[in-house]
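[1] When you get a sec, could you give me coordinates for this:
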Amino acid sequence: MKRRAVSYPKRVAVGFLLLILLGAGLLCLPIASKSGEATPFLTSLFTATSATCVTGLVLVDTYLHWSLFGQLVIITLIQIGGLGFMTLMTAFSVALHRTISLRERTLLKENFNMPDIGGMVRLTKRIVCGTLIVEGVGAVILSACLIPKFGIARGVYTGTFLSISAFCNAGFDLLGSEGAFGSLASMGENPLFLITIALLILIGGIGFIVWDDVLKHRHHLRQYRLHSKIALTITVGLTVVGTLLFFVLERHATGAGMSVPKQVLHAFFDSVTPRTAGFNAVDTAALTPASQLLSVLFMMVGGSPGSTAGGMKTVTVAVLVICMFSNLRRRSGYNVFGKRLPKETLVNALSVVGVYLTLVVTGIFLVCAVQPELSFMDVVFECVSATSTVGMTTGITRDLTVLSQCVIILLMFSGRIGSLSFAMVFMQKKKQEIALSPEETVGVG
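    This next block holds a predicted model:
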């Protein structure tokens, strides 16, 4: 009897689920907590999901609650979840000189959102090597910033942990001794530290396809793929516009009392971290309502496809904007950078956004129904943060009930494997050849 091939979305979903359950099991062990007592399963599951899905939402402070063993489990889950187990499995296969099958190359192509399977093994090598180099450089700089505060051993360890967490857009930190759940607020006075974290986030969230173009063509931008051109344009645009908006909105709020250069630095950091890192150098709950809304919008956009980031993705949003303006101008075709986008790309983008919004709205509805006492804006912020695998919170995570925690766990899981892939796990069926139904126009708009 011929076995039915398992689809890529199901492989990804099952792989992440098994990794999460393994991580939760390890975090339940008494050795994983500083108190030496077993951590409740739901807390361990929440933490393992947040780490594997590179989110950063936590029920207990990472430094204060988890032992060295527990912290190492968390950072391992972050590294595997950020790069993807297919990437790491291929890297191990290459190291062991095992031939990579056509099926594995095809899975890698889907994992990186590449147009074809050519050069998949070479790209995987570049990704692994590039990751080690970037995380290594980040670890050195961050360690240098932290050693004066924590000493050599803890400074190097914390710097390395933060470098991996920032590059993978995870949002976990080990600065709890400076204030529980304070994220990076205790280092908000160190420009080198914040800039390094921000650059690690941007490099990790730009996407491996863009990496490939940069390594191949370097400064010859005209030779870049259309995908890379759009991703870079949107990333730079959002960072610049976000910095200006946060500077104006927070200048007399969280930025009050700061010098102008420091206000600009924090505005820059605030524009980078919502797209999907989850760190914060100022209290998120203290942001003005306009800044919180802006953060929500940035979280929804997220990073670029084929990266460590989540969200709807920069290229997805760009495709919709391009198509919208083309239709408003009554232009035939969807053109950008001298290229025309196929209609299939628009359909995929609409599907991604539709499923994403469905998940977010459903999550908001369920949490509000279970805990009507919570602020609506706080719930929106929390659910968007979870679905976009960001990890920023206004502080309600630890107030969530068991049912609300389960909703957030599902949102984080669906956000990491991709909202469209999550839907396809349950809805994808074997293709059937059927007759096309007759067309009929309906009114829209």
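[2] And the longest helix anywhere in the chain, what's buried?
    Of all segments of type helix in the chain, defined using DSSP state H, the longest is helix 120-150. Using 16 or more other CB atoms under 10 Å as the test for burial, helix 120-150 gives 120-121, 123-124, 126-128, 130-131, 134-135, 138-139, 141-143, 145-147, 150. (Each C-beta comes from the backbone N, C-alpha and C, glycine too.)
[3] pLDDT averaged over that helix, what's the number?
    Helix 120-150 shows a mean pLDDT of 89.
[4] what do you get for stretch 219-233?
    The model assigns stretch 219-233 a mean pLDDT of 87.
[5] hmm, back to that, tell me how far the longest helix of the chain is from the chain's mean position?
    Centre-to-centre, helix 120-150 and its host chain are 18 Å apart (CA atoms, centre = their mean, to the nearest Å).
[6] do the same with stretch 274-291
    Distance of stretch 274-291 from its chain centroid, counting by CA atoms, centre = their mean, is 15 Å.
[7] Ends of that stretch, what's the gap?
    For stretch 274-291, the first-to-last residue distance is 11 Å (CA to CA, to the nearest Å).
[8] Would you mark the buried spots in it?
    Pro274, Arg275, Thr276, Ala277, Gly278, Phe279, Asn280, Ala281, Val282, Thr284, Leu287, Ser291.
[9] from these, which is closest to Ala369?
    Thr284 (24.1 Å; CB to CB).
[10] ok, that closest one - contacts?
    Gln292, Ser295, Phe381, Met392, Thr393, Thr394, Gly395 (CB atoms under 8 Å, 6 or more residues apart in numbering).
[11] go with 7 Å
    Met392, Thr393, Thr394 (CB atoms under 7 Å, 6 or more residues apart in numbering).
[12] and it, how far is that from Ile209?
    The gap separating Thr284 from Ile209 is 31 Å, by CB to CB, to the nearest Å.
[13] How about Val319?
    Taken as CB to CB, the span from Val319 to Ile209 is 15 Å.
[14] by contact count, what packs against whichever strand or helix holds Leu320?
    Using DSSP states H and E, Leu320 sits within helix 314-328. Counting contacts by 3 or more CB pairs under 7 Å, 6 or more residues apart in numbering; DSSP states H and E, helix 314-328 is packed against helix 226-250, strand 334-336, helix 343-370.
[15] Can you tell me what sits against the helix or strand following the second one?
    Beyond strand 334-336 on the C-terminal side, the first helix or strand identified by DSSP H and E is strand 339-341. Strand 339-341 is touched from outside by Leu226, Val319, Ile322, Gly333, Tyr334, with contacts defined as CB under 7 Å, 6+ apart.
[16] Buried residues, strand 339-341. List them.
    Within strand 339-341, judged by 16+ other CB under 10 Å, the buried ones are Leu341.
[17] how far is that strand from where the chain is centred?
    Worked out by CA atoms, centre = their mean, strand 339-341 lies 27 Å from the chain centre.
[18] swap in stretch 210-229?
    How far stretch 210-229 lies from its chain's middle: 22 Å, per CA atoms, centre = their mean.
[19] For it, measure first residue to last.
    8 Å.
[20] can you list the residues that contact it?
    Leu123, Arg126, Ile127, Gly130, Ile209, Ala231, Leu232, Ser304, Val315, Phe337, Lys339.
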